[in-house]
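Enquirer: fold the following.
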Amino acid sequence: MTATTPPSFEDFLAALPKVELHVHLEGSMQPATLLALADKHRISDLQRSLAEIRSWYEFRDFDHFLEVYRQAVDVLRDDDDFALLAVEVIRALARQNVRYAEVNFSLSDHLKRGIPADVVFAGLERGREQVEAEHDITIRWVPDFAGDFGVAAGQATLEAVLAHGPASVLGFSVGGLEVEREPFGDLFSRARAHGLRSLPHAGETEGPDRVWSAIHALGADRIGHGIGSMRDPALVDYLREQQLPLDVSPTSNLCTRSVSSLEEHPLPYMLDAGLLVTLNSDDPPMFGTDLTGEYRTAARMGLDRATLAQLARNGVHAGFAVPARKTALVAEIGTTLAQHDAAAGPGNADVP
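Expert: All right, here's what the predicted structure looks like:
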């Protein structure tokens, strides 16, 4: 009789259907793509070797991250560039068995550089349509603006979305430095009135007050990051009662020093508190991770396979895929967990 080898934890991660709700398009640009586009557009201040670019990409501190991110934004000049990046990013998601993703992109940065919104959307749509035809994945777009650019930048971004955004634009977000959210209240009211979901960043580098303001002033349908919520028991109670989703990115939080160590990351406590938490990669190559890597990180934090599967289900529930897609994904996640638990044998169901 030939002994069979039980499926590994990596097999489980590969088979697990996933949803990505907080990933930035520009922050997902690979070093080789940055270099190729810099060469294409003859950007003289970035003429470096691929090895140097890869070394430069390695996270050092938040200021360095912003430097790299803004350079990634700057090499995007025409619709072919946006199509190229969209294809690269969506294919990378599909390789990880991501079936549905809501992808942020920095529309305000492109408008500020003089890139017309219709150019941006034309490229993104071409890339999305190409990869959706190749793989079982659905992509929805979430244009955002940097809060530190001010209300005027947010207004210009929303106007561009309303004038040029395709049907695949799902929501509207504010990111950048975590400034006060109240000044953007009227802007988000208008976005919601036009059917856009309110998906602001809040509670990443700041505390519960930013999350409360995202809820009350911006009518948030979901909170990007939200880890600062844990400092306020009343807010934790509210989030649990309302099941308002929080998109958590552990490696990002560690790199940006939002948390000082993985052991201190609140993800396990958020789950224990009954919060609707999703797992996300944020800016994968810049933080040396991807969505599958975040599941590995969650396992290192002590989460077992059943909890990782619950995180995958949370992503389905927190996203805005059509109901039939959600039902099918939840069923497939359950089947995947059951198959791997059965193959692992008695006593091994909780072992990553």
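
Enquirer: quick check: buried residues in stretch 284-299?
Expert: Across stretch 284-299, burial judged by 16 or more other C-beta atoms under 10 Å covers 284-287, 289-299. Quick note: C-beta positions are derived from backbone N, CA and C, even for glycine.

Enquirer: run the chain-centre distance for the helix ranked longest in the chain.
Expert: Longest helix of the chain, by residue count under DSSP state H: helix 323-344. Chain-centre distance of helix 323-344: 22 Å, with C-alpha atoms, centre = their mean, to the nearest Å.

Enquirer: could you do stretch 143-155 as well?
Expert: That offset, for stretch 143-155, works out to 19 Å (C-alpha atoms, centre = their mean).

Enquirer: ok, Gly176 - contacts?
Expert: Applying C-beta atoms under 8 Å, 6 or more residues apart in numbering to Gly176 gives the contacts Phe145, Ala146, Gly147, Asp148, Phe149, His201.

Enquirer: now do the contacts for the fifth one.
Expert: So the one you mean is Phe149. By C-beta under 8 Å, 6+ apart, the residues touching Phe149 are Ser108, Lys112, Gly176.

Enquirer: from Ala153, how far out is the last one?
Expert: Note on Gly176: its distance to Ala153, by C-beta to C-beta, to the nearest Å, is 9 Å.

Enquirer: for the two, list the residues in contact with both.
Expert: Phe145, Ala146.

Enquirer: hang on, the earlier thing: which ones among the contacts of Gly176 lie within strands?
Expert: Phe145, Ala146, His201 (DSSP state E).

Enquirer: show me where the stretch 251-352 of the chain has helices.
Expert: 267-272, 291-300, 305-318, 323-344 (DSSP state H, counting those that start in this stretch).

Enquirer: and Val119, which of these is closest to it?
Expert: Comparing the helices of the stretch 251-352 of the chain by their distance to Val119 (C-beta to C-beta), the top pick is helix 291-300, with 28.5 Å.

Enquirer: dump the closest one to CSV, restricted to CA.
Expert: Provided in CSV are the C-alpha atoms of helix 291-300 (Å, rounded to 0.1, in the frame of the first residue of the first chain):
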residue,chain,number,x,y,z
LEU,A,291,-3.2,38.4,-0.2
THR,A,292,-2.0,34.8,0.2
GLY,A,293,0.9,36.1,2.2
GLU,A,294,-1.5,37.9,4.5
TYR,A,295,-3.3,34.6,5.2
ARG,A,296,0.1,33.1,6.1
THR,A,297,0.7,36.1,8.4
ALA,A,298,-2.7,35.6,10.1
ALA,A,299,-1.8,31.9,10.7
ARG,A,300,1.5,33.1,12.3
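
Enquirer: now Phe62: closest residue in space that isn't a chain neighbour?
Expert: Spatially, and ignoring its direct neighbours in sequence, Phe62 is nearest to Thr256 (5.3 Å; C-beta to C-beta, 6 or more residues apart in numbering).

Enquirer: picking up where we left off before, what about the longest helix of the chain, average pLDDT?
Expert: Confidence for helix 323-344, expressed as mean pLDDT, is 94.

Enquirer: ok, stretch 296-307 next?
Expert: The average pLDDT within stretch 296-307 is 97.

Enquirer: still on that earlier bit, tell me the one of the contacts of Gly176 nearest Val330?
Expert: Distances from Val330 to those, taken by C-beta to C-beta, are shortest for His201, at 26.8 Å.

Enquirer: my guess is the closest one contacts Val174. True?
Expert: Yes. Contact criterion C-beta atoms under 8 Å: His201 and Val174 qualify, at 6.4 Å.

Enquirer: and the contacts of whichever strand or helix holds Leu35?
Expert: For Leu35, the element it lies in under DSSP states H and E is helix 31-40. Residues from elsewhere that reach helix 31-40 (C-beta under 8 Å, 6+ apart): 43, 46-48, 50, 53-54, 56-57, 71-72, 75-77, 81, 84-85, 88, 285.

Enquirer: gap between the residue nearest to Gln243 when sequence neighbours are not counted and Leu35?
Expert: Excluding its sequence neighbours, the residue lying closest to Gln243 (C-beta to C-beta, 6+ apart) is Leu276, at 4.7 Å. Leu276 sits 40 Å away from Leu35 when distances are taken as C-beta to C-beta.
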